[in-house]
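Chemist: Next come a sequence and a model predicted from it.
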Amino acid sequence: MKTKRADKGITLIELLVVMVIIAMFATLVGQRLFRNVERARETQAKAQISEFESVLDTFRLDVGRYPTAEEGLQALRARPGTLERWDGPYLRKDVPLDPWQHPYVYRFPGQHGDYDLLALGADGQEGGEGENADVVNWK
């Protein structure tokens, strides 16, 4: 029995079509995964800010005030100056960076409440939209 030469394998065109389909599928899946990563970062920042709020309230109960802007969030980890009623450390570990690897911004007194606490988003600057949007404690 003779076999035709065309029946022995796949053609270059067929291989290219399969590669294009795989590339399109990978692009669609990659976009969805990237969106989920950004949502996860935003959720993580909200959770960390919520934890900071609880710890800052505990600091205030002990000391009678929130940390000053100069003391910053480090006052939750190490005694600032000679505070007599400081009963810390209030955080088990050092103050973490936000999910985009920028330091959290702490302002006291705040413009939106007793204090302002924010993660600056992917661009590391205030304001922005989408992945560059700030995650804040007053919204």
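Modeler: In hand now; what should we look at?

Chemist: The residue positioned nearest the centre of the chain: what's it in contact with?
Modeler: Centroid-nearest residue in the chain, with C-alpha atoms, centre = their mean: residue 99, separated by 2.8 Å. Neighbouring residues of residue 99 by C-beta atoms under 8 Å, 6 or more residues apart in numbering: 40-42, 44-45, 48, 119. Backbone N, C-alpha and C define where each C-beta goes, glycine included.

Chemist: The residues you listed into a markdown table, with extra columns for neighbour count?
Modeler: Below are the contacts of residue 99 laid out as a markdown table (neighbours: other C-beta atoms under 10 Å):
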| residue | neighbour count |
| --- | --- |
| 40 | 11 |
| 41 | 18 |
| 42 | 17 |
| 44 | 16 |
| 45 | 21 |
| 48 | 19 |
| 119 | 25 |
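
Chemist: Narrow the residues you listed to those in helices?
Modeler: Using DSSP state H, the members of the contacts of residue 99 that fall in helices are 40-42, 44-45, 48.

Chemist: between those, which is nearest residue 104?
Modeler: Using C-beta to C-beta, residue 48 is the member of the ones in helices among the contacts of residue 99 that lies nearest residue 104, at 7.5 Å.

Chemist: What separation do you get for the residue nearest to that closest one when sequence neighbours are not counted and residue 47?
Modeler: Among residues not flanking residue 48 along the chain, residue 96 sits closest, at 6.6 Å (C-beta to C-beta, 6 or more residues apart in numbering). According to C-beta to C-beta, to the nearest Å, residue 96 and residue 47 sit 11 Å apart.

Chemist: The two: which has the busier surroundings?
Modeler: residue 96 (15 against 12; other C-beta atoms under 10 Å).

Chemist: Could you give the backbone dihedrals for the more buried one?
Modeler: As for residue 96, its main-chain torsions (degrees, to the nearest 10) stand at phi -80, psi 160.

Chemist: about what we covered before: dump the contacts of residue 99 into JSON lines; add pLDDT as well.
Modeler: Below are the contacts of residue 99 laid out as JSON lines (pLDDT from 0 to 100):
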{"residue": "40", "pLDDT": "89"}
{"residue": "41", "pLDDT": "91"}
{"residue": "42", "pLDDT": "92"}
{"residue": "44", "pLDDT": "94"}
{"residue": "45", "pLDDT": "94"}
{"residue": "48", "pLDDT": "95"}
{"residue": "119", "pLDDT": "95"}
